[in-house]
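>>> need a 3D model of the following:
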Amino acid sequence: MNIAQYLDSTYLKTPAQSGISNEETLQKNKELTQEAIDNGILAVMIRPDYVSEIKKYIQERNANVIVGTVIGFHEGTYSVDEKLAEATTAIENGADELDFVINYNAYQKGDLELVKEEFVQCTQLCIQHHKVAKWIIEIAALTDEEIADLTKHISNWAEENFSESDLSQIFVKSSTGFYETADGKPNGATFEGVKIMLDNAGKLPVKAAGGVRTPEDAERMINMGVKRIGTSSAIALIKNKSASEGY
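You can find the predicted model right below:
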């Protein structure tokens with residue numbers, strides 16, 4: 001199996017989080033991108049601040065690596081207008097794919113109208129610009145019932161508001177990798193959580209993000225039906241090694 005073609009190779013730490021400078025962070029993003037170019041990895045997933053430089057880096061090398069970025073990251077509580085503004089800038093800077101953190105707090109409070117509004121408006125922006133929209137539901141923050149219900153809502157909203165041909169460009173994604181869990185519980189994709197997503201996503205593709213630490217885990221996720229895997233250990237996975245830590 002060619003795992004590389006399923007991978008979003010990810011670096012999402014800010015300079016403050018990693019304790020390095022902005023220039024050093026940009027260099028890490030360039031190294032991540034060069035690894036993707038050299039190893040046939042499908043995409044890189046980076047912070048919005050670095051999209052323009054990384055897009056230029058890829059174009060200068062005549063490479064085909066997809067540039068993805070995150071919107072409303074990582075809490076998801078940004079307003080609809082803030083998410084639209086951030087997404088618009090990312091698109092202008094050359095992002096190919098936009099991974100939005102859905103407002104799962106609003107969902108848990110029962111404000112489905114707000115969640116639907118941000119989903120429809122932000123996805124419409126992406127579809128209009130021929131971009132992929134992925135919706136992070138943060139499964140570690142949800143019960144199994146909530147994972148199923150929110151995934152099903154996203155699937156229904158997508159089918160109600162977009163054409164059949166658009167649905168393959170609208171993903172449901174498991175995790176940010178930044179959610180803090182208690183008692184050492186996983187904060188990324190689990191087989192159980194992803195299966196619930198797959199069972200309720202309808203015609204939408206599913207992305208398993210975080211927690212995929214071995215090539216065997218990656219192949220199992222793909223065989224389950226996952227179309228994309230987000231990982232900070234892409235090189236380890238494609239070289240048949242296990243990731244010791246990270247997203």
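>>> with only the CA atoms kept, save stretch 177-197 in PDB.
As requested, C-alpha coordinates have been extracted for stretch 177-197 and formatted as PDB (Å, rounded to 0.1, in the frame of the first residue of the first chain):
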ATOM      1  CA  GLY A 177      -4.100  17.300  18.200                       C
ATOM      2  CA  PHE A 178      -4.200  20.200  20.600                       C
ATOM      3  CA  TYR A 179      -7.200  19.200  22.800                       C
ATOM      4  CA  GLU A 180      -6.100  18.500  26.300                       C
ATOM      5  CA  THR A 181      -7.600  15.300  27.700                       C
ATOM      6  CA  ALA A 182      -7.700  13.900  31.200                       C
ATOM      7  CA  ASP A 183      -6.100  10.700  32.500                       C
ATOM      8  CA  GLY A 184      -3.900  10.200  29.500                       C
ATOM      9  CA  LYS A 185      -6.800   9.500  27.200                       C
ATOM     10  CA  PRO A 186      -6.000   9.900  23.400                       C
ATOM     11  CA  ASN A 187      -6.700  13.300  21.900                       C
ATOM     12  CA  GLY A 188      -6.500  12.200  18.300                       C
ATOM     13  CA  ALA A 189      -8.100   9.600  16.100                       C
ATOM     14  CA  THR A 190      -9.000   6.200  17.600                       C
ATOM     15  CA  PHE A 191     -10.300   3.200  15.700                       C
ATOM     16  CA  GLU A 192     -13.500   3.400  17.600                       C
ATOM     17  CA  GLY A 193     -14.100   7.100  17.100                       C
ATOM     18  CA  VAL A 194     -13.200   6.900  13.400                       C
ATOM     19  CA  LYS A 195     -15.500   4.000  12.800                       C
ATOM     20  CA  ILE A 196     -18.400   6.000  14.300                       C
ATOM     21  CA  MET A 197     -17.500   8.800  11.900                       C
END
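>>> other residues contacting the helix or strand containing residue 87?
Residue 87 belongs to helix 80-92 when assigned by DSSP states H and E. Residues from elsewhere that reach helix 80-92 (C-beta atoms under 8 Å, 6 or more residues apart in numbering): 48, 51, 69, 71-72, 78, 98, 100, 114, 117-118, 121-122, 125-126, 129, 131. All C-beta atoms are positioned from the backbone trio N, CA, C, and that covers glycine.
>>> quick check: bridge partners of the residue most central in space within the chain?
A centroid search over the chain (C-alpha atoms, centre = their mean) returns residue 99, at 4.5 Å, as the residue closest to the centre. Applying DSSP bridges to residue 99 gives these bridge partners: residue 70, residue 134.
>>> sweet, I'm off.
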